[in-house]
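*Asks:* Quick one, what's the 3D model for this:
(one chain, ligands or ions: 2)
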Amino acid sequence: MNSIAGIELGGTKTVVVRGRPGAIAAREEFPTTTPEETLSRAIATIRGWRDSAPMDAIGVASFGPIRVERTAADFGIMLDTPKPGWAGADVAGTLAAALDLPLGLDTDVNAAALAEHRFGAARDCPTSAYITVGTGVGVGVVVNGAAVHGLMHPEVGHVRLRRAAGDHFAGACPFHGDCIEGLLSGPALAARFGRHPATVAPGDPAWDPVARDLAELLAMLLLTLSAQRIVVGGGVSNRQPHLLPAAIARMPDLLGGYLRDCTPEALTRICVPPVLGDDAGPMGALVVGAGRL
Ligand code: ADP
Ligand code: ZN
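*Replies:* Ligands and ions are numbered 1, 2, ... in the order given. Take a look at the predicted model:
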């Protein structure tokens, strides 16, 4: 196998890598601006690499919602994303036409879930999920070693779950108010706290309902997917490391003694931080690209 190009198209930044699944050999990062400018920059980077060594495929891990079903007429086209200028952008078509290579496409969170499954915290777990709690809340889902697509792709961040007693924050999702993203994303926390979440001390009781909401999400994923591992990453979770243990501590109560394998001790092995960190997305893009060979 020659090398593969991976593109992680993020809401704020884009990362382009050259390598093979499990090994990144070169990396380039730039801000995500308009579709034209961002995709042209990615194309120029990959052409530069390809001039010195052959490449076999491209893998794209994209923010969404984007059509990932290969047989759909609008495959690779950005759907109703709130990101200005991107709705309707032909991501896969533009890249495939300019680079003339087989192209694989998945969502950023599915790609990160695949990378953690193959090389990180969810190794040896055929059924797993990857949660990012960042600018939004996204959940990638891997079942039997493959990312889940279906009608579109899972959008678990927009599920509404039972609220913590006494918590009346209206939520910040423009579509649903108090869906999980509307309660847990960085901007939602800023609205909930009235200040940047980085300025709220770890022991502050303001975090209590946040931990409770994350626990609901984790319990729901255990009950629906029977996930063997749930990797919890993203800017909020990574920078507030007290949050995941606080959520895990609330899970036995939420599960009410159900799911006999989920003892408090087992839950700390099932719900874990990421291993790959910032490499999960780009590494996942390489896995998605290799899937086209
Ligand atoms: P993205 O989701 O765009 O990939 P990140 O995963 O880095 O980005 O998450 C960005 C979010 O993390 C922002 O909403 C920001 O407010 C939040 N954030 C950054 N630093 C902290 C912190 N110290 N504590 C809590 N949240 C933070
Ligand atoms: Zn929502």
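
*Asks:* Pick out the residue of the stretch 1-150 of the chain closest to ligand 1.
*Replies:* The stretch 1-150 of the chain approaches ligand 1 most closely through residue 134 (2.4 Å), counting by CB to the nearest ligand atom. The C-beta positions use only the backbone N, C-alpha and C, and glycine is treated the same way.

*Asks:* How about that residue: what's its closest non-neighbour residue?
*Replies:* Of all residues not flanking residue 134 in the chain, residue 234 sits nearest, at 3.7 Å (CB to CB, 6 or more residues apart in numbering).

*Asks:* did I read that right, residue 17 in a helix?
*Replies:* No - counting by DSSP: H, G, I helix; E, B strand; the rest coil, residue 17 is located in no helix; its state is strand.

*Asks:* And the residue in the stretch 101-250 of the chain positioned nearest to ligand 1, how close does it get to residue 180?
*Replies:* Here the residue of the stretch 101-250 of the chain nearest ligand 1 is residue 186; by CB to the nearest ligand atom that distance is 1.8 Å. In this view, residue 186 and residue 180 are 13 Å apart by CB to CB, to the nearest Å.

*Asks:* For the two, indicate the residue with more neighbours.
*Replies:* residue 180 (27 against 20; other CB atoms under 10 Å).

*Asks:* Can you verify my assumption that that one contacts residue 137?
*Replies:* Yes - Residue 180 lies in contact with residue 137 (CB atoms under 8 Å); the separation is 5.3 Å.

*Asks:* tell me, what's touching these two both at once?
*Replies:* Listed as contacting both residue 180 and residue 137 by CB atoms under 8 Å, 6 or more residues apart in numbering are 156, 157, 217.

*Asks:* could those residues go into TSV alongside distance to residue 241?
*Replies:* Output for these, formatted as TSV (distance: CB to CB, whole Å):
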residue	distance to residue 241
156	22
157	21
217	17
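
*Asks:* Return the member of those nearest to residue 15.
*Replies:* The shortest approach to residue 15 among the shared contacts of residue 180 and residue 137 belongs to residue 157, at 21.1 Å (CB to CB).

*Asks:* For that closest one, which non-adjacent residue is spatially closest?
*Replies:* residue 137 (3.6 Å).

*Asks:* I figured that neighbour was touching residue 155, is that so?
*Replies:* No - Residue 137 is beyond contact range of residue 155, at 9.9 Å (criterion: CB under 8 Å).

*Asks:* okay, these two: which has more neighbours?
*Replies:* residue 137 (30 against 16).

*Asks:* quick one, what contacts the more buried one?
*Replies:* So residue 137 contacts 131, 156, 157, 180, 181, 184, 185, 217, 234 (CB under 8 Å, 6+ apart).

*Asks:* Which ones among those residues map onto helices?
*Replies:* Counting by DSSP state H, those place 180, 181, 184, 217 in helices.

*Asks:* residue contacts, residue 2?
*Replies:* By CB under 8 Å, 6+ apart, the contact list for residue 2 reads 53, 54, 55, 56.

*Asks:* can you redo the residues you listed as CSV with pLDDT?
*Replies:* Below are the contacts of residue 2 laid out as CSV (pLDDT from 0 to 100):
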residue, pLDDT
53, 92
54, 95
55, 97
56, 97
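
*Asks:* okay if I get those residues as JSON lines plus secondary structure?
*Replies:* Formatted as JSON lines, the contacts of residue 2 follow (three-state DSSP):
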{"residue": "53", "secondary structure": "coil"}
{"residue": "54", "secondary structure": "coil"}
{"residue": "55", "secondary structure": "strand"}
{"residue": "56", "secondary structure": "strand"}
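
*Asks:* Write the PyMOL selection for whichever of the residues you listed are buried.
*Replies:* Of the contacts of residue 2, the buried ones go into a single PyMOL selection, burial set by 16 or more other CB atoms under 10 Å:
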select buried, resi 55+56
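
*Asks:* can I get the contacts of residue 2 in CSV with distance to ligand 2?
*Replies:* Listed next are these as CSV, based on distance: CB to the ion, whole Å:
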residue, distance to ligand 2
53, 43
54, 43
55, 38
56, 38
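
*Asks:* Now render the contacts of residue 2 as CSV, adding distance to residue 196.
*Replies:* Converted to CSV, the contacts of residue 2 look like this (distance: CB to CB, whole Å):
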residue, distance to residue 196
53, 44
54, 47
55, 41
56, 44
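
*Asks:* Spell out which parts of the stretch 51-200 of the chain neighbour ligand 1.
*Replies:* Residues of the stretch 51-200 of the chain found near ligand 1 (CB under 6 Å from any ligand atom) are 132, 134, 135, 186, 187, 197, 198.
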